[in-house]
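Visitor: quick one, what's the 3D model for this:
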Amino acid sequence: QAGFAVLKAPDIPSVLIETAFISNPEEEAKLNSSDYREQLADAILRGIRGYFAKNPPLARNREV
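Guide: Numbering: from 1, shown residues only. Coordinates of the predicted model:
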């Protein structure tokens, strides 16, 4: 288990998305394609929407 500090918030959903490695020439070439980046963005959005469809956020009372 990696200890990514950015993912340590206990009360919010967190995800680290690595879509490719620019050190890999084939993956770097894909990332240069706007169509490929659009496909990645759409897939990430579908995943986020799917998560929240199954796990709706709970309302929280906040004192100001």
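Visitor: any idea how far the helix or strand hosting residue 41 is from the chain center?
Guide: Assigned by DSSP states H and E, residue 41 belongs to helix 34-54. Here helix 34-54 is found 8 Å from its chain centre; the criterion is CA atoms, centre = their mean, to the nearest Å.
Visitor: dump the residue contacts of the residue nearest the centre of the chain.
Guide: The residue lying closest to the centre of the chain (CA atoms, centre = their mean) is residue 17, at 4.6 Å. The contact partners of residue 17, by CB atoms under 8 Å, 6 or more residues apart in numbering, come to residue 44. Backbone N, C-alpha and C define where each C-beta goes, glycine included.
Visitor: for residue 45, same thing?
Guide: No contacts exist for residue 45 under CB under 8 Å, 6+ apart.
Visitor: from residue 38, how far out is it?
Guide: When distance is defined by CB to CB, to the nearest Å, residue 45 is 11 Å away from residue 38.
Visitor: and what of residue 51?
Guide: The gap separating residue 51 from residue 38 is 21 Å, by CB to CB.
Visitor: ok, now residue 50?
Guide: Distance, residue 50 to residue 38, using CB to CB: 18 Å.
Visitor: pLDDT weak spots in this protein?
Guide: For the chain, the stretches flagged by pLDDT under 70 are 1-7, 9-10, 62, 64.
Visitor: residue 30 touches residue 24, doesn't it?
Guide: No. The pair residue 30 / residue 24 is not scored as a contact, 9.2 Å apart, by CB atoms under 8 Å.
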